[in-house]
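*Asks:* give me a model of this one.
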Amino acid sequence: MKKHILYILSFLIIGFAGCKTKTTINQEEAGSVITDYLTANPEYKTTRFNFGEIKFSSKSDKQDLAKYKTLEGTGMVTLNLKEANKKFLSKDSSFLYRVTLTEKASPLVLKQDDDKATVKVVEYVLSDEKPVDFSQVNSSTAKVTVSLKKVNTVFAPFDKNANENSDFITKTYRLKLSKDEGWKVQK
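*Replies:* Have a look, this model is predicted:
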């Protein structure tokens, strides 16, 4: 009888120990949680982009027109010359273009109005070179700091604050342990 009770007690102890949720996290698991989060909620930087009928001066807007022509070369926009006012013996002529966004630009366009659109100029992706730095605060929360490298989109020349001093950003996320879903990024 004592033998049966000993077997039952051992079985119960092993069963309860196996049911205990895992409350520790390592560097690889933290990186995996952050990668899943960034796939569902990507980090990016945006700017406002003008389209529709835009007037360019050949002298003062030469660089802006070059940016639009580069975009046309990638297939993101189409440029149709509507009107050209060439001044006789003058270097300053004006051109009226109709700039239209193409279907190819739709993944980078977040919001669109009549003549302006909010577009992604930089996307941030998890860097492979710098490891995930994390510290477990307590048994159910952890702080994870990752390095996100900057990937410019074709709309990057239109970014007004493009003079950044770094090719990456560091971002800290808080992870929380959920009984049902495991480790998740806390918003």
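
*Asks:* make it CA atoms for all contacts and neighbour counts henceforth
*Replies:* Fine.

*Asks:* parallel or antiparallel, which strands does the helix or strand containing residue 121 pair with?
*Replies:* For residue 121, the host element (DSSP states H and E) is strand 116-126. For strand 116-126, the paired strands and their directions (DSSP bridges) are strand 43-50 (antiparallel), strand 109-112 (antiparallel), strand 141-152 (antiparallel).

*Asks:* mind listing the strands for this protein?
*Replies:* 43-50, 52-57, 77-85, 94-101, 109-112, 116-126, 133-138, 141-152, 168-178, 182-186 (DSSP state E).

*Asks:* of those, which is nearest residue 24?
*Replies:* Ranking the strands of the chain by proximity to residue 24 (C-alpha to C-alpha) places strand 133-138 first, at 7.8 Å.

*Asks:* run the angle between the closest one and strand 168-178 for me.
*Replies:* Orientation check (axes from the mean of the first three to the mean of the last three C-alpha atoms, to 10 degrees): strand 133-138 against strand 168-178 gives 30 degrees.

*Asks:* which strands or helices does strand 133-138 pack on?
*Replies:* For strand 133-138, the packing partners by 3 or more C-alpha pairs under 8 Å, 6 or more residues apart in numbering; DSSP states H and E come out as helix 27-40, strand 141-152.

*Asks:* report the inter-axis angle for the last one versus helix 27-40.
*Replies:* It refers to strand 141-152. Angle between the axes of strand 141-152 and helix 27-40 is 50 degrees (criterion: the same axes, to 10 degrees).

*Asks:* strand 141-152: how far from the chain's middle?
*Replies:* 11 Å (C-alpha atoms, centre = their mean, to the nearest Å).

*Asks:* return the set of buried residues in it.
*Replies:* 141-150, 152 (16 or more other C-alpha atoms under 10 Å).

*Asks:* do the same with stretch 43-57
*Replies:* Using 16+ other C-alpha under 10 Å as the burial criterion, the residues of stretch 43-57 that qualify are 43, 46-51, 53-57.

*Asks:* of the residues you listed, which is the nearest to residue 133?
*Replies:* Of all those, residue 133 sits closest to residue 43, with 18.5 Å by C-alpha to C-alpha.

*Asks:* touching, that closest one and residue 121? I think so.
*Replies:* No: using C-alpha atoms under 8 Å, residue 43 is not in contact with residue 121, being 11.3 Å away.

*Asks:* what is the rounded mean pLDDT of stretch 178-187?
*Replies:* Averaged over stretch 178-187, pLDDT sits at 83.

*Asks:* stretch 65-82 now?
*Replies:* In this model, stretch 65-82 has a mean pLDDT of 92.

*Asks:* what about it, how long is it end to end?
*Replies:* Taking C-alpha to C-alpha, to the nearest Å, stretch 65-82 runs 14 Å from one end to the other.

*Asks:* again with stretch 32-49
*Replies:* Using C-alpha to C-alpha, the two ends of stretch 32-49 sit 35 Å apart.
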